[in-house]
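K.L.:
Below is the sequence, then the predicted model.
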4 protein chains.
Amino acid sequence: MQKEHNRFDEVLTALHNCMEACNRCYDACLQEEHVGNMVECIRLDRECADICGFLEQSITRNSPYIQELASVCVTACEECADTCENHPHDHCQQCAKACRACAEACKALVS
Amino acid sequence: MQKEHNRFDEVLTALHNCMEACNRCYDACLQEEHVGNMVECIRLDRECADICGFLEQSITRNSPYIQELASVCVTACEECADTCENHPHDHCQQCAKACRACAEACKALVS
Amino acid sequence: MQKEHNRFDEVLTALHNCMEACNRCYDACLQEEHVGNMVECIRLDRECADICGFLEQSITRNSPYIQELASVCVTACEECADTCENHPHDHCQQCAKACRACAEACKALVS
Amino acid sequence: MQKEHNRFDEVLTALHNCMEACNRCYDACLQEEHVGNMVECIRLDRECADICGFLEQSITRNSPYIQELASVCVTACEECADTCENHPHDHCQQCAKACRACAEACKALVS
C-alpha cells in the first residue's frame, strides 16, 4: 500500500519542518538568558508555526484556499527568517534555514 | 475591571458567531437524510470555521498578519454563504447569515 | 431567526473570553520592560489560548471528545491563572480572572 | 547543521502521517458516490486530523500538556481506525493504518 507521489509532498515536508523549527526556537528563546533580545523572535516563531500548521491542514484536506493561505505563509516565513538570522543561536539559525526553505516551497503554490 | 472598548470587538464577535454557525451547520448537514446534497456545505463549513477561529486567535494576539488573513476570511465567508443560501434548512440559513455578517466585518480590516 | 438557548452557551462564552484574555496578556507580556519575569506567563498564555480555541471548535461541531478536552482545558486554565495572579499588571490580573471563570465552566463539562 | 535525534521524532512522524491520511480520507469520502455511508468517517477523520495537528504543535513547543493531549489523541485515533477499517476504500484502509500507528506512538507518551 504505497503512498503515491503527490505534487504537494515537498511543500508538506517543508511546512512540517518549518513548524517544528519555529516551535523549537520559540521554546529555546524563552529559555535564553537575555530573553529581552528575543521578543521579536518569540512572536514571529509563533506566527509562523501557526500559519504553517494551518496550511498543512488546508493542503491535505484539498482546501479551495491553498493559494491564498500559501501567500500569507510566504510573508510569515520570510519575516521570521529575517529576524532569526540576526541571532547567532543555533536554534535561530536552524529556524531561519527552515523558514527560507518553506518560503520557497510555498511560493511554488502561489504562482 | 472593565474591559476597554477595542476597535476589534465587533469583528471578534462576528468571527465567533460565524465559527459557531459553520460548525453547527456542518454537524447538522452530516445528520441530514440527503447528505449527498450537502457535500459542498460540509466542506465549506469546515473551511470557514477553521479560518474564522484562526483569525480570532491572530487578532487577539496582535499578529502582523491580520489584514492578509482577513482577506482570506472574506473569501471563505462569502463562498460558504453562497452555498448555504441555496439550502432551505434552518442551520444553512443561519450559517449564511452569520457568514455574510462576518464577511462584512472582515472587509473593514482589509481596506 | 432567534438562536435557541444551548447548554453550551455559557462555556463557549467563557472559552472565548479566556482565549482573548490569554492572547492579550501574551502580547502585553512581550512588551513589558522586564520580560524576563514574564516568561512563564507568555508560555502558559499561549498554551491556554490554544486549548481554549480548540475546545470551542470541538464543542460547536459536536465532537465526541468534548469531555476529555475540557479536562485538559481545566488544567491549562488553572495553571495559567496561578501564574498570572503573581503579577500585578492589569493584563495578568484580567487574564487570571478569565482563566478562573473558564476553568469553572469547563469543570461542568467534565463531571 | 544536523538536527539531533529527539525522543519525539517518531511520534511526530506518526502524527503528521495520521493527520495527512485523515484529511485525505475526509476529502475522498466527500467525493464518494454513497456519501451517506461515509458520514461517521468524515466526522472522525476531522476530529483525528485536528487533534493530531494540535498535538504536533504542543510537542514541538515543549508544552506541559503533552501527556494529557496524547491520551485524547489515542482515543481519537483508535475510534477513527475502528470506523475506517469497516470500509473497503483505499483511502479508508490507508487512514486506518496511519491511525493505528499513531495510536501506538501516542501511547508511549502517555505511560
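P.N.:
Ah, there it is.

K.L.:
give the contact list for A:A21.
P.N.:
Going by C-beta atoms under 8 Å, 6 or more residues apart in numbering or on different chains, A:A21 touches A:H91, A:Q94, A:C95, A:K97, A:A98, A:C99. Every residue, glycine included, has its C-beta placed from N, CA and C.

K.L.:
Leaving out sequence neighbours, find the closest residue to the fifth one.
P.N.:
Leaving aside its chain neighbours, A:A98 sits nearest to A:A21 (3.6 Å; criterion: C-beta to C-beta, 6 or more residues apart in numbering or on different chains).

K.L.:
Repeat that for the last one.
P.N.:
Spatially, and ignoring its direct neighbours in sequence, A:C99 is nearest to A:A81 (3.8 Å; C-beta to C-beta, 6+ apart).

K.L.:
Figure out how far the helix or strand harbouring the one you found is from the centre of its chain.
P.N.:
A:A81 is part of helix A:66-84 when elements are defined by DSSP states H and E. The chain centre lies 7 Å from the centre of helix A:66-84; the measure is C-alpha atoms, centre = their mean, to the nearest Å.

K.L.:
which strands and helices sit next to that helix?
P.N.:
Counting contacts by 3 or more C-beta pairs under 8 Å, 6 or more residues apart in numbering or on different chains; DSSP states H and E, helix A:66-84 packs against helix A:9-29, helix A:39-60, helix A:90-110, helix B:66-84.

K.L.:
outside of that helix, which residues touch it?
P.N.:
Around helix A:66-84, the neighbours that count as contacts under C-beta under 8 Å, 6+ apart are A:11, A:15, A:18, A:22, A:25, A:40-41, A:44-45, A:47-48, A:51-52, A:54-55, A:58-59, A:63, A:92-93, A:95-96, A:99-100, A:102-103, A:106-107, A:109-110, B:64-65, B:68-69, B:71-72, B:75.

K.L.:
low-confidence ranges in chain A?
P.N.:
For chain A, the stretches with pLDDT under 70 are A:1-5.

K.L.:
contacting residues for the most centrally placed residue in chain A?
P.N.:
Centroid-nearest residue in chain A: A:C18, 3.6 Å away (criterion: C-alpha atoms, centre = their mean). Under the criterion of C-beta under 8 Å, 6+ apart, the neighbours of A:C18 are A:C48, A:A49, A:C52, A:C77, A:A98, A:C99, A:A101, A:C102.

K.L.:
Can you tell me which of the residues you listed has the most neighbours?
P.N.:
A:C48 (33 neighbours; other C-beta atoms under 10 Å in any protein chain shown).

K.L.:
My guess is it contacts A:C99. True?
P.N.:
Yes. A:C48 lies in contact with A:C99 (C-beta atoms under 8 Å); the separation is 6.3 Å.

K.L.:
CA atoms of stretch A:90-101 as CSV?
P.N.:
Extracted C-alpha coordinates of stretch A:90-101, given in CSV (Å, rounded to 0.1, in the frame of the first residue of the first chain):
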residue,chain,number,x,y,z
ASP,A,90,21.8,27.5,16.9
HIS,A,91,18.0,27.3,17.2
CYS,A,92,17.6,30.7,15.5
GLN,A,93,19.9,29.7,12.6
GLN,A,94,18.1,26.4,12.1
CYS,A,95,14.8,28.2,12.3
ALA,A,96,15.9,30.8,9.7
LYS,A,97,17.0,28.0,7.4
ALA,A,98,13.7,26.1,7.7
CYS,A,99,11.7,29.3,7.1
ARG,A,100,13.7,30.1,3.9
ALA,A,101,13.1,26.6,2.6
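
K.L.:
Would you mind naming what in chain A lies close to chain B?
P.N.:
Chain A comes close to chain B at residues A:46-47, A:50-51, A:54, A:57-58, A:61, A:63-65, A:68-69, A:71-72, A:75-76, A:79, as judged by C-beta under 8 Å from any C-beta of the partner chain.

K.L.:
buried subset of those residues?
P.N.:
Buried members of the residues of chain A next to chain B, counted by 16 or more other C-beta atoms under 10 Å in any protein chain shown: A:46-47, A:50-51, A:54, A:57-58, A:61, A:63, A:65, A:68-69, A:71-72, A:75-76, A:79.

K.L.:
what about A:C106, how many residues close to it?
P.N.:
Residues lying near A:C106 (other C-beta under 10 Å) number 28.

K.L.:
Okay, it and chain D: tell me how far apart.
P.N.:
The gap separating A:C106 from chain D is 17 Å, by C-beta to the nearest C-beta, to the nearest Å.

K.L.:
my guess is that residue meets A:V11, correct?
P.N.:
Yes. Between A:C106 and A:V11 there is a contact at 6.4 Å, judged by C-beta under 8 Å.

K.L.:
dump the residue contacts of the nearest residue to A:M19 once chain neighbours are set aside.
P.N.:
Computed as C-beta to C-beta, 6+ apart, the closest residue to A:M19 that is not its neighbour in sequence is A:C52, at 4.1 Å. Contacts were defined as C-beta under 8 Å, 6+ apart; by that measure A:C52 touches A:L15, A:H16, A:C18, A:M19, A:C22, A:C73, A:A76, A:C77, A:C102.

K.L.:
run the last query once more with 7 Å
P.N.:
By C-beta atoms under 7 Å, 6 or more residues apart in numbering or on different chains, the contact list for A:C52 reads A:L15, A:C18, A:M19, A:C22, A:C73, A:C102.

K.L.:
Next, give me the two most distant ones among these.
P.N.:
Greatest spacing in these, by C-beta to C-beta: A:C22 and A:C73 (11.5 Å).

K.L.:
So for the two, which residue has more residues nearby?
P.N.:
A count of neighbours by other C-beta under 10 Å puts A:C22 above the other of A:C22 and A:C73, at 34 against 31.

K.L.:
List the single closest residue to the more buried one in space, sequence neighbours excluded.
P.N.:
Leaving aside its sequence neighbours, A:C22 sits nearest to A:A49 (C-beta to C-beta, 6+ apart; 3.9 Å).

K.L.:
give the contact list for that neighbour.
P.N.:
So A:A49 contacts A:M19, A:C22, A:N23, A:Y26, D:Q57 (C-beta under 7 Å, 6+ apart).

K.L.:
what's the distance between A:V74 and chain C?
P.N.:
According to C-beta to the nearest C-beta, A:V74 and chain C sit 24 Å apart.

K.L.:
How about A:A70?
P.N.:
Applying C-beta to the nearest C-beta, one obtains 22 Å for the distance of A:A70 from chain C.

K.L.:
circling back: number of residues surrounding the residue nearest to A:C99?
P.N.:
By the criterion of other C-beta under 10 Å, A:A81 has 22 neighbours.

K.L.:
what do you get for A:D90?
P.N.:
By other C-beta under 10 Å, 12 other residues sit near A:D90.
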